[in-house]
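Visitor: fold the following for me, if possible:
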Amino acid sequence: MKKLNKKCCCLVIGAFLSLTLRVQAQDALAVQKQPETDSVVNVAFKSVARKDMLGGVSVVNVSELLKKNYGTNSLDNLQSFVGGYTGNGNVWGQAALILVDGVPRQAADVRLVEIESITVLKAASAIVLYGSNASKGVILITTKRGSIKPLSIDVRANTGVFVPKSYPKYLSAADYMTYYNEASRNDGVAERYTAAVIDSTRSHLNPYKYPDVDYFGGDYLRKAYNRSDITTEISGGNDLARYYTNLGLNTNNSIMNYGDQKNNRDFGFNVRGNVDMNVSKWLSASADVAINMNNNYTGRGDFWGTSTTLRPNLFSPLIPISSLDTANFPLNKAAVLSSGRIIDGKYLLGGISTNQTNAFADMLAAGYIKRKSRTFLYNVGATADLGSILQGLTFQAGYSMDYRSLYSEAYQVAYATYQPRWTNVNGRDVIDALTKYGTDGNTTNESIGQTTYSQTNSFRSQFNYIHTFANDHHITAALLGWWYMTQNSSDANNGTNGNSGGSDYHPVRNTNLGFQAGYNFRQKYYLDFSSALVHSAKLPTNNRNALSPTVTLGWRISDEGFFKHAISFVDNLRLTASYASIYQDLDITGTRPNSTTPTDYYLYAGTYGNDGNLGGYYQWRDGASGGFTTLSGRGSNPNLTFVQRKELRAGLAASLMKRLVTLDVNYFSQNTNGLLTRGVTLYPSYFTGSGDFTPYLNYNNDKRSGVDFAVNVNNQIGQLRYSVGVTGMFYSSKAVRRDEVYQNAYQNRAGKALDALFGYVSEGLFQSQDEISKHATQTFGGTVKPGDIKYKDMNNDGIIDNKDQVDLGHSGLAAPPFTYGVNLTLNWKKFTLFALANGQNGAIAFKNSAYFWARSDSKYSEVVLDRWTEATKSTATYPRLTTTAGNNNYQNSTFWMYKTNRFNLSRVQLTYDFDAKIFKNSFVHGLSVYALGDNLLVVSKERALLETNIGTAPQYRFYNLGVKAAF
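Guide: Model prediction:
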């Protein structure tokens, strides 16, 4: 497979470069000025003039943006340019389909420097032609292409450093033991640690006997790590053919600086080639190839995961051989020294019976994993001008074929760890005994640890008709078909290597026909009808097809005579409105009977089984062994059908005061009807019990509504040119109907936000036993004591239980109630200052990680410093410490709730463009240098929390220097 991949790669690159060189040789034949492209926007299966866009669509000119804004990720800071898009990839609160050059692909398949434009299709009327899988929005990424011009070469090089923002703050070993003793006293149990042990630990005189492990000190981590990349772009062309080539390399190490993880590294190589050819006067064709290769090396060991749980005093990761007292005690030093895991010639690996292997030893001795991913993307297309048959008629067809593979070469070796027994001999701490756990292995073999593979094929064909009658009547029409299929497979060895376990029988599919007809009169009055005939194999045979219609109206009111004379400062004002009723099967999803395994297919069919998971076991009456009986796992529903999205949208687009201000606003109201449920309340109770006869039904309904906007101001004061853009969205959602049963109406999910977070209302901390006695009984387990959290009895039944949970606010998971973005450009002479920012308001979250919830003997963070005691009861902000699970205190409630409101200064870049006159007589046509900072600042009441990752690698600020040269 590796040899085949290399051979295919070389053949593809060679063929493309050969074609490119032939085209370059003809550049001088016919070079002419290209038409302005910024006024043309890529939308579903076509391009339209920006002036004729009918709302619910936003576009970003990435190639222009790159002149002042360096980035690597394809959707880099998109929220700062597009209203209605949130940083988690959602459009109007739902996960959008990502298309690269019209093909379903991953955003990571293309880098920002390869992109010409990004179009975000938000409205149902804008995405309907793509069918069911695009029903929640589309992000259309269009890569760069060649143009009619001489050969040009652009080279961009960058290098920068990632600097951690912050690390979690945990107590030292001595402080941990001190506070754990306090927790023991609170629970009325004996203290675990003596004062002598605590003092010895605090002194750090013997950190091997009295360990104080600090994960985030200089022993294990670098202060920063590096990333560098270089990109070369080659483009040009003539009347016969145009070409664009992108070659890139990138590499980075990591923040880790211990064991084999100090060698962690990523390396990537990519090549893209896009060619457009005029085969004849009536036929043109295109061919695109992209290859991405990425290698990753990672030493073994879950450093970040264990950093949240491993107590600082638990054991020392290293045992000094110099402390072994072989003279006075029966220690076989020779046997110890024969271990294959002597670290730096001085240390054995430390461990204890409950941590016989650990992250530190893994990093030093367990081996590594080398992951290799390969992506091959191919597009071909052709366009035929059928004007000889009917003026304005064209035919287009395209085919794509993508391959992805990921496999890992793993090296893993067993190792032994040791637990020392310390004693004091003649005033010196020595080790008089060692307990060995495990054995040292020895292997030189690598193994294939993981293998996954996917293939995507797509095909489209369409007739387009564009014609203008009598100079005023503009007609457009399209009839198209689109199909794609993605098949995934993986190593079936699920248990050993953690793979996903074999291949999915059903691929991801989308099949639909599309039809569009549009009319506009003098670009003043617009009417558009678009529809799709969708098909789904997830549904019963009689319900597998549905028609999704949309209608859009537009009116450029600024062209009306009465408007021009009355409101002269308005250059352009277009009003649009659309209604859509589209059908989708994305939400036709459920679980297998008597299982949590997800499945999308055959949910309409009833199931039966007797395999032990479903069937019940019955003993024979005569006492014989018995057997399994066949039981129903799910009822059938032959009427199961598509989920429907009904949408009403109204919008306006305007420019004011000679384009000093431009504005785009959309109001949308979506109703998603027919979401699936198992019918808990819709069928009598005897449908469940011995078997389950409840079917999946189209019952639940959701609603989403909001307003998105984008405002831009462009002006010049003297030599200073400036541009300010502000985008945003006000968003709300509601569960309109739910299949649910709650004793109290305030717990119904119907009528609440889709992202509603439920929890308890805290009334502070209990201050006395008398207060506890007079309060409602709290039923979370354990004995409630002074210093524990007090909860409000919402239903006044004298008991605090799950019936007292209420809606506390929005999680903002899909989209917070308000999101916004800002982009700023200041240009003075040859200097350009560019800045990006974004933020959100109105959502909440809970401080419910192990960092805040100190259960049993878990690791303590600095938050426990403000714990409740008799002495601090009036100022305490944290419950009393306990050695138990603390279930009463560790419930999602307003006590742990915080607002996630934040403002992020995402990027600041300063660019200097050298005067072209400097290079007048050289082969260099232009030169720019720039410096930037990413993720620079968070402004929030909870800044420290929002900038700190728990259990994962930290957040980073990135500082970069770059240069771009044109030849």
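
Visitor: shaky segments in the stretch 1-150 of the chain?
Guide: 1-38 (pLDDT under 70).

Visitor: where exactly do the helices run in it?
Guide: According to DSSP state H, counting those that start in this stretch, the stretch 1-150 of the chain carries its helices in the segments 2-24, 62-65, 124-127.

Visitor: can you give me the strands for the stretch 451-600 of the chain?
Guide: 473-490, 508-521, 525-535, 545-556, 570-584, 590-591, 598-599 (DSSP state E, counting those that start in this stretch).

Visitor: any weak-confidence spans in the protein?
Guide: 1-38, 330-335, 492-505, 593-597, 612-613, 615-616, 623-624.

Visitor: cutoff 80 now
Guide: Per-residue confidence for the chain (pLDDT under 80) gives these ranges: 1-38, 326-340, 449, 491-506, 591-600, 610-629, 679-680, 689-690.

Visitor: that one: helices as residue ranges?
Guide: Along the chain, counting by DSSP state H, helices occupy 2-24, 62-65, 124-127, 173-187, 195-203, 303-306, 333-337, 359-361, 494-497, 561-566, 769-774, 943-946.

Visitor: now the last one - C-alpha only, CSV.
Guide: Right, helix 943-946. Extracted in CSV, the C-alpha atoms of helix 943-946 (Å, rounded to 0.1, in the frame of the first residue of the first chain):
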residue,chain,number,x,y,z
ARG,A,943,-11.0,35.1,32.0
ALA,A,944,-8.7,32.8,34.1
LEU,A,945,-11.2,29.9,33.7
LEU,A,946,-11.9,30.5,30.0
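
Visitor: can you give me the neighbour number for the nearest residue to Ala876 once chain neighbours are set aside?
Guide: Excluding the flanking residues, the one nearest Ala876 by C-beta to C-beta, 6 or more residues apart in numbering is Trp868, at 3.8 Å. Yep, even glycine has a C-beta here, placed from its N, CA and C like the rest. Neighbours of Trp868 under the rule other C-beta atoms under 10 Å: 25.

Visitor: isn't Trp868 up against Gly764?
Guide: No - using C-beta atoms under 8 Å, Trp868 makes no contact with Gly764, being 10.1 Å away.

Visitor: joint contacts of these two?
Guide: Common contacts of Trp868 and Gly764 (C-beta atoms under 8 Å, 6 or more residues apart in numbering): none found.

Visitor: that older thread, dump the strands of the stretch 451-600 of the chain into CSV; add distance to Gly137 and mean neighbour count as well.
Guide: Output for these, formatted as CSV (distance: least, C-beta to C-beta, whole Å; neighbours: other C-beta atoms under 10 Å):
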stretch, distance to Gly137, mean neighbour count
strand 473-490, 17, 17
strand 508-521, 15, 18
strand 525-535, 15, 20
strand 545-556, 14, 19
strand 570-584, 11, 20
strand 590-591, 23, 15
strand 598-599, 22, 12
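
Visitor: among these, which is nearest Gly188?
Guide: strand 590-591 (45.4 Å; C-beta to C-beta).

Visitor: what pairs with that closest one, parallel or antiparallel?
Guide: strand 598-599 (antiparallel) (DSSP bridges).

Visitor: what lies in contact with the strand it pairs with?
Guide: Thr589, Gly590, Thr591, Arg592.

Visitor: tell me which of these is nearest to Asn424?
Guide: Taking the contacts of strand 598-599 together and measuring to Asn424 by C-beta to C-beta, the closest member is Thr591, at 60.9 Å.

Visitor: that closest one bridge partners, please.
Guide: Pro598.

Visitor: ok, it to Pro598 distance?
Guide: Here the distance between Thr591 and Pro598 works out to 6 Å (C-beta to C-beta, to the nearest Å).

Visitor: what does Thr72 give?
Guide: 33 Å.

Visitor: contacts only, for Phe766.
Guide: Residues near Phe766 by C-beta under 8 Å, 6+ apart: Ile772, His775, Val784, Lys785, Pro786, Gly787, Asp788, Ile789, Lys790.

Visitor: now, the residues you listed that are in strands?
Guide: Ile789, Lys790 (DSSP state E).

Visitor: can you put the contacts of Phe766 in CSV and add neighbour count?
Guide: Formatted as CSV, the contacts of Phe766 follow (neighbours: other C-beta atoms under 10 Å):
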residue, neighbour count
Ile772, 17
His775, 17
Val784, 21
Lys785, 18
Pro786, 18
Gly787, 22
Asp788, 21
Ile789, 26
Lys790, 22
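
Visitor: identify the farthest-apart pair in the contacts of Phe766.
Guide: His775 and Gly787, at 14.0 Å, using C-beta to C-beta across the contacts of Phe766.

Visitor: strands along the stretch 701-850 of the chain, start to end?
Guide: Counting by DSSP E, counting those that start in this stretch, the strands of the stretch 701-850 of the chain are 720-737, 756-759, 762-765, 777-778, 789-791, 799-800, 806-810, 818-828, 831-841, 844-846.

Visitor: single out the most deeply packed of these.
Guide: Compared across the strands of the stretch 701-850 of the chain, strand 789-791 shows the largest average neighbour count, a mean of 24 (mean count of other C-beta atoms under 10 Å).

Visitor: Ser906 against Leu824, yeah?
Guide: No - Ser906 lies out of contact with Leu824 (C-beta under 8 Å); the separation is 11.4 Å.

Visitor: okay, and the common contacts of these two?
Guide: Common neighbours of Ser906 and Leu824 (C-beta under 8 Å, 6+ apart) are Leu836.

Visitor: phi and psi next, for Leu54.
Guide: Torsion angles at Leu54 (phi, psi; degrees, to the nearest 10) stand at phi -110, psi 30.

Visitor: now Asn88
Guide: phi -90, psi 10.

Visitor: for it, what are its contacts?
Guide: Here Asn88 is in contact with Leu813, Ala814 (criterion: C-beta under 8 Å, 6+ apart).

Visitor: Phe923 too?
Guide: By C-beta under 8 Å, 6+ apart, the contact set of Phe923 is Phe967.

Visitor: for Gln450, which of the strands of the stretch 701-850 of the chain is the nearest?
Guide: strand 844-846 (33.0 Å).

Visitor: what strands line up against that closest one, and which way round?
Guide: Assessed with DSSP bridges, strand 844-846 is paired to strand 897-899 (antiparallel).

Visitor: return the set of buried residues in the strand it pairs with.
Guide: Neighbour counts over strand 897-899 (16 or more other C-beta atoms under 10 Å) mark Met897 as buried.

Visitor: which residues sit against it?
Guide: Contacts of strand 897-899 (C-beta under 8 Å, 6+ apart): Gly759, Leu808, Gly809, Ala843, Ile844, Ala845, Phe846, Lys847, Lys941, Glu942, Leu945.

Visitor: closest to Thr476 among those?
Guide: Ala843 (41.6 Å).

Visitor: ok, that closest one - how many residues close by?
Guide: Counted by other C-beta under 10 Å, the residues lying close to Ala843 total 21.

Visitor: contact partners for it?
Guide: Asp755, Gly809, His810, Ser811, Gly812, Pro816, Pro817, Lys899, Thr900, Asn901.

Visitor: can you pull up the bridge partners for it?
Guide: Bridge pairing for Ala843 - DSSP bridges - gives His810.

Visitor: give me the distance between it and Ala753.
Guide: Ala843 is 10 Å from Ala753, by C-beta to C-beta.

Visitor: for Tyr378, same thing?
Guide: Distance of Tyr378 to Ala753, given as C-beta to C-beta: 44 Å.

Visitor: try Ala49
Guide: With the distance defined as C-beta to C-beta, Ala49 ends up 39 Å from Ala753.

Visitor: swap in Val680?
Guide: To Ala753, Val680 is 21 Å away according to C-beta to C-beta.

Visitor: I figured Lys646 was touching Gln584, is that so?
Guide: No - if you go by C-beta under 8 Å, Lys646 and Gln584 don't touch, sitting 11.7 Å apart.

Visitor: re the thing from before, contacting residues for the residue nearest to Ala876?
Guide: Contacts of Trp868 (C-beta under 8 Å, 6+ apart): Leu765, Pro786, Gly787, Ala876, Tyr878, Pro879, Arg880.

Visitor: sweet, I'm off.
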